[in-house]
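Peer 1: Give the three-dimensional model of this entry:
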Amino acid sequence: MDETMSETLQTAPFAPFEWMLSLRYLRARRKEGFISVIAGFSFLGIMLGVATLIIVMAVMNGFRKELLDKILGLNGHLLVQPLESPLTDWKDVAERVSHVQGVRLAAPVVDGQALASSPFNASGVLVRGMRAADLNNLTSIAKNVRQGSLEGFDEGQGVAIGRRLADQLSLHAGDTLTLVAPRGAVTPMGTTPRIKPYKITAVFEIGMSEYDAGFVFMPLPEAQAYFNRNNDVTAIEVFTTNPDRIDTFRKLVTESAGRPVFLVDWRQRNSTFFNALQVERNVMFLILTMIVLVAALNIISGLIMLVKDKGSDIAIMRTMGASQGSIMRIFLITGAAIGVVGTLTGLIVGLIICLNIESIRQFLSWLTSTELFPPELYFLSRLPAEIDVGETSAVVIMALTLSFLATLYPSWRAARLDPVEALRYE
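Peer 2: Reported below is the predicted structural model:
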């Protein structure tokens, strides 16, 4: 019988008896309850760490994607500004730039600051004059008109305003908005402000609170007259098919402009914002990785206590013929099982929360009667989550690696246990 048992214990690596003992050690008996509690906390720590990492990274990715889409959906990827002389030849320049391969829109704009007022309130705004055809090609505006219409935008003296601005001023499509510009007509008494009422022809909602509350679109000829432009424009907004290839487009646009111009790309215009977002994302990743690391340390402490408690069992198995490798594999399986199950559970929990993040936010807002994720602070009107397969895989692999590394020392210590010393006082 001893020979049969010895042969059984000296089988190939990861034999059935090794799995049986590992899973049995995971189901602690009553007197080993403390070890079971540590294993449970290790499981919860890894699960919560992985889930939190996946959720935070997805939300940060969603922030970047949504903000990038909103910002680049309204502002050009390249801003062409005049050098040496005003852009009075803007029609020709815009025509030449629009024929560059990869440029989908070259829109002349007139920008100016003004005060938008109604009988109920007032707010500072950026007035942007654009041609109706160019405005209709901006899908972030044309596809998000909530009231009124952009039809005949060039023909009248109407304006399009954001939804949040309309709410602040208590106005709707068809109402009258008064714009006040600091630089108006020049008189013998000095420059007087220009005050002019405009009919609201359309109300749009991009979904980015800063733009919905601060932009007023006006027909280009009217904006030139309102801001005292002598048939010139402020700049030409260039929209490309691939913002990531902006360096290639810079050279092509400079050559096609046919006159001295100064170019500013979207990375320069928003560098501070996106750099801060990237730094915050990296710091959050490092901080939340500590949760998984702490859970891995719990696996080490739990396994060391388990090895100490099972010293006599290990000694008996060694005297019956079990190799040091078998003992080590038994405890490797025990510790790795906690890490694998915790990681996979955390992955499932993280994915479920990411797919329902906005519904969860609304429920928590209703439950606590508070405004979670206020758009005035976070620029977006909804909580975004963009799951990146590569990053999610990296989080899972990192958690599995830490869990596996955490089992090496306790397993090695169990394999090195001297049977004689372990049974001396039994």
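
Peer 1: gap between the residue nearest to residue 141 when sequence neighbours are not counted and residue 383?
Peer 2: Distances taken as C-beta to C-beta, 6 or more residues apart in numbering place residue 204 nearest to residue 141, at 5.2 Å, with adjacent residues excluded. Any C-beta I mention is one placed from the backbone N, CA and C, and that applies to glycine too. Using C-beta to C-beta, to the nearest Å, one gets 22 Å for the distance from residue 204 to residue 383.

Peer 1: Surely residue 198 forms part of a strand?
Peer 2: Yes - counting by DSSP: H, G, I helix; E, B strand; the rest coil, residue 198 is located in a strand.

Peer 1: got the phi/psi numbers for the nearest residue in space to residue 181 that is not next to it in sequence?
Peer 2: The shortest distance from residue 181 to any non-neighbouring residue, by C-beta to C-beta, 6+ apart, is to residue 194 (4.4 Å). Backbone torsions of residue 194, given as degrees, to the nearest 10, read phi -100, psi 120.

Peer 1: Neighbours of residue 194, how many?
Peer 2: Using other C-beta atoms under 10 Å, the number of residues around residue 194 comes to 17.

Peer 1: right, and it touches residue 180 too?
Peer 2: Yes - assessed by C-beta atoms under 8 Å, residue 194 is found in contact with residue 180 at 7.2 Å.

Peer 1: So which elements touch the helix or strand hosting residue 46?
Peer 2: Using DSSP states H and E, residue 46 sits in helix 33-74. Helix 33-74 is packed against helix 139-142, helix 271-309, helix 324-355, helix 357-368, helix 389-415, with contacts defined by 3 or more C-beta pairs under 8 Å, 6 or more residues apart in numbering; DSSP states H and E.

Peer 1: Could you export those helices to CSV, including columns for mean neighbour count and distance to residue 211?
Peer 2: Listed next are the helices and strands packed on helix 33-74 as CSV, based on neighbours: other C-beta atoms under 10 Å; distance: least, C-beta to C-beta, whole Å:
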stretch, mean neighbour count, distance to residue 211
helix 139-142, 16, 9
helix 271-309, 16, 14
helix 324-355, 21, 26
helix 357-368, 13, 20
helix 389-415, 18, 28
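
Peer 1: among these, which gets the worst mean confidence?
Peer 2: Here the helices and strands packed on helix 33-74 differ in mean pLDDT, and the lowest is helix 271-309 at a mean of 78.

Peer 1: quick one: it to chain centroid distance?
Peer 2: Centroid separation for helix 271-309 versus its chain: 20 Å, with C-alpha atoms, centre = their mean, to the nearest Å.

Peer 1: angle of that helix against helix 33-74?
Peer 2: Here helix 271-309 points in a direction 170 degrees away from that of helix 33-74 (axes from the mean of the first three to the mean of the last three C-alpha atoms, to 10 degrees).

Peer 1: okay, the angle between helix 271-309 and helix 389-415?
Peer 2: Interaxial angle, helix 271-309 versus helix 389-415 (the same axes, to 10 degrees): 20 degrees.

Peer 1: just the angle between helix 271-309 and helix 324-355, please?
Peer 2: Going by the same axes, to 10 degrees, helix 271-309 makes 140 degrees with helix 324-355.

Peer 1: before we move on, back to that, could you save the helices and strands packed on helix 33-74 as TSV and add columns showing distance to residue 42?
Peer 2: As requested, these are arranged in TSV below (distance: least, C-beta to C-beta, whole Å):
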stretch	distance to residue 42
helix 139-142	47
helix 271-309	4
helix 324-355	5
helix 357-368	26
helix 389-415	9
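
Peer 1: can you give me the strands in the stretch 51-200 of the chain?
Peer 2: Using DSSP state E, counting those that start in this stretch, the strands found in the stretch 51-200 of the chain span residues 78-82, 103-117, 122-130, 145-148, 158-162, 176-181, 186-187, 190-191, 194-204.

Peer 1: What's the mean pLDDT across the second one?
Peer 2: Confidence over strand 103-117 (mean pLDDT, whole number) is 90.

Peer 1: now for it, which elements pack on it?
Peer 2: Short answer (3+ C-beta pairs under 8 Å, 6+ apart): strand 103-117 packs on helix 90-98, strand 122-130, helix 132-137, helix 163-169, strand 176-181, helix 220-226, strand 235-240, helix 246-257.

Peer 1: try 7 Å this time
Peer 2: helix 90-98, strand 122-130, helix 132-137, strand 176-181, helix 220-226, strand 235-240 (3 or more C-beta pairs under 7 Å, 6 or more residues apart in numbering; DSSP states H and E).

Peer 1: which one of these is the most hemmed in?
Peer 2: Each of the helices and strands packed on strand 103-117 was scored by mean neighbour count; the highest is strand 235-240, a mean of 24, by mean count of other C-beta atoms under 10 Å.

Peer 1: Let me know the angle separating it from strand 78-82.
Peer 2: Using the same axes, to 10 degrees: strand 235-240 against strand 78-82 is 150 degrees.

Peer 1: What is the burial count for residue 202?
Peer 2: 21.

Peer 1: Quickly list what it is bridged to.
Peer 2: residue 148, residue 160 (DSSP bridges).

Peer 1: can you tell me which residues contact it?
Peer 2: Counting by C-beta atoms under 7 Å, 6 or more residues apart in numbering, residue 202 makes contact with 145, 147, 148, 149, 150, 160, 173.

Peer 1: Please indicate which of the residues you listed are buried?
Peer 2: Listed as buried from the contacts of residue 202 are 145, 147, 148, 150, 160, 173; burial here means 16 or more other C-beta atoms under 10 Å.

Peer 1: Out of these, which is nearest to residue 228?
Peer 2: residue 160 (22.0 Å; C-beta to C-beta).

Peer 1: Of the strands of the stretch 51-200 of the chain, which is nearest residue 274?
Peer 2: strand 78-82 (16.4 Å).

Peer 1: Now do that closest one against helix 246-257, angle only.
Peer 2: Using the same axes, to 10 degrees: strand 78-82 against helix 246-257 is 30 degrees.

Peer 1: so what does strand 78-82 touch, helix or strand wise?
Peer 2: Looks like strand 78-82 contacts strand 235-240, helix 246-257, strand 261-265 (3+ C-beta pairs under 7 Å, 6+ apart).
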